[in-house]
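Make a model of this:
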Amino acid sequence: MSRPLLIDTDPGVDDALALALAVRSPELELVGVTTVFGNATIETTTRNALALMHLFDRVDVPVATGAAAPLQHPYAGPVPQVHGHDGMGDSDVLTTSNGNVVAGITAAELMVHSARQRPGELTILALGPLTNLALALELDPSIATLIREVVVMGGNALCPGNATPAAEANMLGDPEAADQVLGAAWPVTMVGLDVTHAVNLKGTDIDRLAASVGAVSALVSQAIPHYRAFFEQTNKIDGIYLHDPTAVAFLLWPEFFETTGWPIRVETKGFSRGKTWPSLGDTDDATPLPWVGRPRVSVCTGVNKSSVVRAVLDRLL
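This is a model prediction of the structure:
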């Protein structure tokens, strides 16, 4: 029996690959897509989500627009150096869409509605900042008792960040929302940089996908080059990290992952957005965050990277 899944996303090149993997997996029943700011503006991420559903022949999946900015801070802006100004590597792969967002319903409302429709069954996969999930909790706190599981692509437990020396990009995008989501009563699994920086799709495999036939081939051949160039120049790797597809892989093949349960807090007061990161001498807002009563988050700390890459390739080819 397939698992009902709602994907909250900010497409984004790796988000597009994650959506492709999800729609090609009969183990998953994609019941909704919600959009959030992050890799690009909310207007761009929503347009991309609609166009991707068209590209993958899944215009039946409802798409709802979500938050345009974090809960308590201005949106820091898109990252065109990574994903291109259009979020898709400055390509024309997403020129067509005949889909529309669900009228009169926000992303948070679609989450609550979907959870009520499938109590105890729905999984939410969050691939961007966690603002929409925090808003859903605010709209209906009981949603935490209705969700089967929340899987978050984000965070870093035992390794450095990728947006600052300490922070992963999605958590930094809205730390207040992340702290709320990781502290709620629903079961949460964090698929962070500890494993996604181990799952590397190399250039030869990218070329195999580009040479295949269909929607994935078009996506890889046109949207990946800009994204690939960023990682090869910045991280000195061959190819790309499979950040968001690794989170989908966790849903499909959990046996490839090792997890450890920890209570997690997200630092929301320890740095100012006006500077890169606090120095060791900074003392503002240095009061430790309370841990009492926090639920344990299942943190992915290990991965069989070759098995994940092979499984993802087999599913996408």
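
how about the strands in this protein?
Listed in chain order, the strands of the chain (DSSP state E) span 3-9, 28-35, 63-64, 123-126, 149-153, 188-191, 200-201, 240-241, 257-263, 296-303.

got JSON lines for those strands, with mean pLDDT and mean neighbour count too?
Where you see a C-beta, it was placed from the backbone N, CA and C, and this is true even at glycine. What follows is those, written out as JSON lines (pLDDT from 0 to 100; neighbours: other C-beta atoms under 10 Å):
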{"stretch": "strand 3-9", "mean pLDDT": "98", "mean neighbour count": "26"}
{"stretch": "strand 28-35", "mean pLDDT": "98", "mean neighbour count": "24"}
{"stretch": "strand 63-64", "mean pLDDT": "98", "mean neighbour count": "25"}
{"stretch": "strand 123-126", "mean pLDDT": "98", "mean neighbour count": "26"}
{"stretch": "strand 149-153", "mean pLDDT": "98", "mean neighbour count": "24"}
{"stretch": "strand 188-191", "mean pLDDT": "98", "mean neighbour count": "26"}
{"stretch": "strand 200-201", "mean pLDDT": "97", "mean neighbour count": "22"}
{"stretch": "strand 240-241", "mean pLDDT": "98", "mean neighbour count": "22"}
{"stretch": "strand 257-263", "mean pLDDT": "96", "mean neighbour count": "15"}
{"stretch": "strand 296-303", "mean pLDDT": "98", "mean neighbour count": "19"}
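
Pipe the ones you listed into TSV and attach distance to residue 79 per row.
Shown next, in TSV, are these (distance: least, C-beta to C-beta, whole Å):
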stretch	distance to residue 79
strand 3-9	15
strand 28-35	16
strand 63-64	22
strand 123-126	18
strand 149-153	15
strand 188-191	20
strand 200-201	19
strand 240-241	14
strand 257-263	27
strand 296-303	23
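
closest one to residue 96 among these?
In terms of C-beta to C-beta, the element of the strands of the chain nearest to residue 96 is strand 63-64, at 15.1 Å.

elements contacting the closest one?
When contacts are defined as 3 or more C-beta pairs under 8 Å, 6 or more residues apart in numbering; DSSP states H and E, strand 63-64 sits against strand 28-35, helix 42-55, helix 107-117.
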